[in-house]
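K.L.:
Quick one: sequence plus predicted model below, questions after.
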Amino acid sequence: MFSADEITKHGTPSSCWLVINGKVYDVTAYLDLHPGGAAILLKQGGQDATFEFRKIHSPDILQFLPKDICLGEVDPATVASLPLASASNADTNPNGNPNSRTSTTNAGSGPPHISHCIALPDFEPAAKAVLSPNAYSYVSSSANSGLAHAANLSSWRRVSFRPRIWPQGGVARASARTSILGAGAAFPFYCSAMGQLGRAHDGGEVALVRALARRGVHGLLSTVSTQSMEEVMEAFEGEKRALEGGGDEGKGASVNEGKPSTGAGVAAAEELPPAQLHFQLYIPNDRSVAVDTIRRAKAAGFRSLWVTVDTPTIGKRTIDRRIQAQEALAMGLPVEAEKAGFGMRSHVDGGQLNAALTWADLVWIREAWGDGPVVVKGVQSAEDARLALAHGCQGIVLSNHGGRQAHSAPDALTTLLEIRTYCPEVLGRLEVLVDGGCRDGADVLKALCLGATAVGIARPFFYALGAYGEKGVERCCDSEYFRFRIVTLAFLLFWLFMPMLILRGIVLAEELVLNMKLIGMNSLDQASPDRVNAMRLYNEMWRPEKGRL
Ligand code: HEM
Ligand SMILES: Cc1cc2nc3c(=O)[nH]c(=O)nc-3n(C[C@H](O)[C@H](O)[C@H](O)COP(=O)(O)O)c2cc1C
């Protein structure tokens with residue numbers, strides 16, 4: 001056992017101890033390995049770092065520390081005198097408003113009023129106003145000079161629609177209902193995996209999934225979440241039960257665009273499918289750790305397992321390294337600042353990311369998961385799409401990890417075109433999800449027309465959560481979904497006779513349904529390649545016959 005007096009003596013690069021959850025860790029040897037940089041650990045040296053740690057990591061991450069660095073426990077008799085590393089000296093926003101995003105009208109230092117967010121890109125400046133530079137850099141950064149992220153953003157602009165008029169059945173009513181990996185889905189978009197949501201908002205992943213449940217939007221939970229998968233799933237299921245009127249009415253009666261719902265708990269006649277959560281897996285070196293994680297995810301009730309394959313190691317996150325170096329310099333640590341330039345090698349050294357995987361590993365991964373869909377996330381070529389099919393996957397995600405991994409990686413739409421051209425059989429037999437740079441519900445339609453099942457969106461949800469908490473996430477998705485499920489019967493009948501209004505909303509859902517109508521579609525079954533002109537992307541697509549040029 002260690003007294004507080006003893007612990008406070010160890011706050012320097014030559015001896016750095018941290019207290020996390022009542023245990024004392026000697027992280028001196030880990031300083032150079034810590035992917036978040038040495039400076040952030042040194043800032044908490046000799047203190048209780050639990051509060052800051054929880055904003056960024058789940059306790060699961062401690063298993064990647066070398067075994068001998070846990071020294072023992074803090075002496076409970078002295079724990080009260082241990083300095084608490086507070087948000088004011090770590091992952092903190094410069095306004096002294098540490099990741100506190102509950103206020104929507106924070107004059108001067110907060111985000112603009114939520115009503116300013118009309119489109120997804122509006123959430124980024126709102127979040128920038130409240131997130132710490134570290135947290136903002138974590139979410140906004142991409143690999144190297146940012147080419148892959150820029151290509152993602154621009155790819156959607158290079159496909160245009162070919163609208164048709166007066167379709168059979170008209171467009172007074174349009175449904176965006178679909179299915180994702182065998183589960184019904186109210187919309188063909190989902191919130192993609194992001195680690196460390198505790199850096200966006202105190203409520204972390206729990207806050208995100210509650211809002212997704214209320215909006216009927218599927219979500220993908222990251223392995224490197226700040227809260228445990230069980231805790232997140234419990235909150236998600238609890239929210240769904242409340243929506244159905246069976247449980248805690250309080251949450252179900254939350255605010256929708258500033259208007260309280262009736263919270264009456266009456267099920268709709270034509271129920272939209274409830275949201276589902278899927279689990280994203282990074283595979284560590286130790287297979288038993290991976291199998292344990294997979295089994296936990298299965299037992300917790302995640303709908304499918306998505307194995308991320310584009311991350312054998314971490315890409316070069318230039319801006320993050322710059323910030324870590326600045327942070328170390330500001331603390332008078334020039335040696336640590338220089339080391340920050342080398343990036344996050346401990347992911348591999350620490351065994352958190354397995355760089356030795358091959359397609360053969362899918363066998364034990366699928367066995368550990370048992371029944372249910374297995375998806376490979378990060379496919380970037382037609383050849384690998386074909387291999388995923390041959391290895392028994394149920395789905396693939398065409399993704400370059402939001403441009404955060406390989407420099408100049410292909411955008412998902414171009415990979416989709418490659419698959420359409422060189423292995424079209426994949427499209428009928430695998431679910432093809434795409435992500436990267438999609439910032440408009442209308443763009444979701446383009447991917448569907450080209451054969452995708454659904455589109456993943458990541459950064460805007462982090463920004464929305466960061467700036468406005470759950471309300472921001474709801475607004476990102478927004479639709480009348482929530483109201484549609486729990487209104488009173490009389491109110492419901494009113495809506496049924498006003499079908500044009502059923503999917504009125506603000507951001508993704510509105511943009512999607514509105515544009516379905518504008519291009520002459522009343523159901524997603526009508527999404528087909530002749531609805532879009534993708535020639536600009538086709539012209540630049542890789543072709544094997546020209547590959548030697
Ligand atoms: C001592 C136990 C710790 C371990 C084993 C650990 C491990 C890691 C790992 C593996 C990562 C890579 C990203 C991820 O997988 O989530 C990471 C990133 C990071 N960690 Fe820690 N960490 C520890 C303590 C802390 C503490 C106390 C803080 C500060 C409060 C912190 C702040 C960060 C930050 C800011 C990042 C950068 C994330 C990024 O930009 O991607 N860590 N850490
Ligand atoms: C902050 C952040 C964290 C991410 N964390 C993960 C992760 O833990 N696992 C994963 O498979 N992908 C992760 N991704 C990648 C996203 O799931 C997704 O592929 C990509 O970001 C989509 O592009 P977009 O952000 O432009 O919408 C992350 C992306 C961001 C921006």
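P.N.:
On my side now, so go ahead. Numbering: from 1, shown residues only. Ligands and ions are numbered 1, 2, ... in the order given.

K.L.:
so Ala388 sits right up against Arg429, yeah?
P.N.:
No: using C-beta atoms under 8 Å, Ala388 is not in contact with Arg429, being 10.1 Å away. (Each C-beta comes from the backbone N, C-alpha and C, glycine too.)

K.L.:
more crowded one of the two?
P.N.:
Between Ala388 and Arg429, counted using other C-beta atoms under 10 Å, Ala388 has the larger neighbour count: 24 against 10.

K.L.:
Am I right that the more buried one is in a helix?
P.N.:
Yes: the assignment for Ala388, made by DSSP: H, G, I helix; E, B strand; the rest coil, places it in a helix.

K.L.:
quick one, what contacts whichever residue of the stretch 351-500 of the chain sits closest to ligand 2?
P.N.:
At 2.5 Å from ligand 2, Gly402 is the closest residue in the stretch 351-500 of the chain, using C-beta to the nearest ligand atom. Gly402 sits next to Ser142, His149, Asn152, Asp435, Gly436, Gly437, Ala458, Arg459 when contact means C-beta atoms under 8 Å, 6 or more residues apart in numbering.

K.L.:
Report the buried members of those.
P.N.:
Ser142, His149, Asn152, Asp435, Gly436, Gly437, Ala458, Arg459 (16 or more other C-beta atoms under 10 Å).

K.L.:
Quick check: the farthest pair among the residues you listed?
P.N.:
Ser142 and Asp435 (13.5 Å; C-beta to C-beta).

K.L.:
can you pull the pLDDT of the one residue in the chain that gets nearest to ligand 1?
P.N.:
Taking C-beta to the nearest ligand atom, ligand 1 has its nearest neighbour within the chain at Gly36, 2.3 Å off. Looking at Gly36, its pLDDT stands at 85.

K.L.:
And it, how far from Ile323?
P.N.:
10 Å (C-beta to C-beta, to the nearest Å).

K.L.:
Over to Gly469?
P.N.:
From Gly469 over to Ile323 (counting by C-beta to C-beta), the distance is 24 Å.

K.L.:
could the buried ones among the contacts of Gly402 be laid out in a markdown table, adding secondary structure, pLDDT and distance to Gly451?
P.N.:
What follows is those, written out as a markdown table (DSSP: H, G, I helix; E, B strand; the rest coil; pLDDT from 0 to 100; distance: C-beta to C-beta, whole Å):
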| residue | secondary structure | pLDDT | distance to Gly451 |
| --- | --- | --- | --- |
| Ser142 | coil | 96 | 26 |
| His149 | helix | 97 | 24 |
| Asn152 | helix | 98 | 18 |
| Asp435 | strand | 98 | 15 |
| Gly436 | coil | 98 | 16 |
| Gly437 | coil | 98 | 18 |
| Ala458 | coil | 98 | 21 |
| Arg459 | helix | 98 | 24 |
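
K.L.:
Redo the residues you listed as a markdown table? Include distance to Lys9.
P.N.:
Putting those into a markdown table (distance: C-beta to C-beta, whole Å) gives the following:
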| residue | distance to Lys9 |
| --- | --- |
| Ser142 | 41 |
| His149 | 44 |
| Asn152 | 49 |
| Asp435 | 48 |
| Gly436 | 48 |
| Gly437 | 49 |
| Ala458 | 43 |
| Arg459 | 42 |
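
K.L.:
So which residues on the stretch 51-200 of the chain come close to ligand 2?
P.N.:
By the rule C-beta under 6 Å from any ligand atom, the part of the stretch 51-200 of the chain lying against ligand 2 is Tyr138, Val139, Asn152, Ser192, Ala193, Met194, Gly195.

K.L.:
In which helix or strand does Glu327 reside?
P.N.:
helix 318-330 (DSSP states H and E).

K.L.:
Give me the nearest residue to Thr78, chain neighbours excluded.
P.N.:
Ala4 (4.0 Å; C-beta to C-beta, 6 or more residues apart in numbering).

K.L.:
where does the chain have low pLDDT?
P.N.:
86-109, 246-271, 343-350, 479-506, 546-549 (pLDDT under 70).

K.L.:
same thing but at 80, please
P.N.:
By pLDDT under 80, the weakly predicted segments of the chain are 85-109, 245-272, 341-350, 478-506, 546-549.

K.L.:
Check whether the residue nearest to Thr78 really touches Val74, as I assumed.
P.N.:
Yes: contact criterion C-beta under 8 Å: Ala4 and Val74 qualify, at 7.0 Å.

K.L.:
Common neighbours of those two, please.
P.N.:
Common neighbours of Ala4 and Val74 (C-beta under 8 Å, 6+ apart) are Leu82.

K.L.:
wait, which of the contacts of Gly402 is closest to Ala328?
P.N.:
Out of the contacts of Gly402, the member with the shortest distance to Ala328 (by C-beta to C-beta) is Ser142, at 22.4 Å.

K.L.:
contacting residues around that closest one?
P.N.:
Per C-beta under 8 Å, 6+ apart, neighbours of Ser142: Ala148, His149, Arg317, Gly402, Gly403, Arg404.

K.L.:
hmm, try it at 10 Å
P.N.:
Listed by C-beta atoms under 10 Å, 6 or more residues apart in numbering, the contact set of Ser142 reads 148-150, 152, 315-319, 400-405, 407, 409, 459.

K.L.:
Just give the nearest non-adjacent residue to it, would you?
P.N.:
Using C-beta to C-beta, 6+ apart, the nearest residue to Ser142 is His149, at 3.6 Å.

K.L.:
try Asp310
P.N.:
Using C-beta to C-beta, 6+ apart, the closest residue to Asp310 is Gly378 (2.9 Å).

K.L.:
what about that neighbour, helix or strand, and which?
P.N.:
With DSSP H and E as the criterion, the answer for Gly378 is strand 374-379.

K.L.:
And ligand 2, is that strand touching that?
P.N.:
Yes: interface with ligand 2: strand 374-379 contributes Lys377 (C-beta under 6 Å from any ligand atom).

K.L.:
quick one, helices of the stretch 51-200 of the chain?
P.N.:
123-128, 133-140, 147-155 (DSSP state H, counting those that start in this stretch).

K.L.:
My guess is the residue nearest to Thr78 contacts Asp48. True?
P.N.:
Yes: under the criterion of C-beta atoms under 10 Å, Ala4 makes contact with Asp48 at 8.8 Å.

K.L.:
So for these two, which residues contact both of them?
P.N.:
Contacts common to Ala4 and Asp48, judged by C-beta under 10 Å, 6+ apart, are Val19, Val74, Val79, Leu82, Pro83.

K.L.:
residues contacting the first one?
P.N.:
If you count contacts by C-beta under 10 Å, 6+ apart, Val19 has them with 2, 4, 7, 25, 44, 46-50, 53, 73-74, 79, 82-85.

K.L.:
among those, which are in reach of ligand 1?
P.N.:
Tyr25, Gln44, Ala49, Phe53.

K.L.:
What's the local residue count around the second one?
P.N.:
The burial metric for Gln44, expressed as a neighbour count using other C-beta under 10 Å, is 26.

K.L.:
now it: how far from Phe53?
P.N.:
8 Å.

K.L.:
what sits in contact with each of the two?
P.N.:
With C-beta under 10 Å, 6+ apart as the test, Gln44 and Phe53 both reach Leu18, Val19, Ile20, Ala85, Ala90.

K.L.:
and these, which two are the farthest apart?
P.N.:
Between any two of the shared contacts of Gln44 and Phe53 (C-beta to C-beta), the greatest distance is 14.2 Å, for Val19 and Ala90.

K.L.:
buried set for whichever helix or strand Val363 is part of?
P.N.:
Assigning secondary structure by DSSP H and E places Val363 in helix 362-369. The neighbour-count check on helix 362-369 (16+ other C-beta under 10 Å) flags Leu362, Ile365, Arg366, Ala368, Trp369 as buried.

K.L.:
what's it in contact with?
P.N.:
With contacts defined as C-beta under 10 Å, 6+ apart, helix 362-369 is touched by 279, 281, 283, 287, 290-295, 297-298, 302, 304-305, 307, 309, 357, 372, 374, 376, 387-388, 391-394.

K.L.:
Lovely, talk soon.
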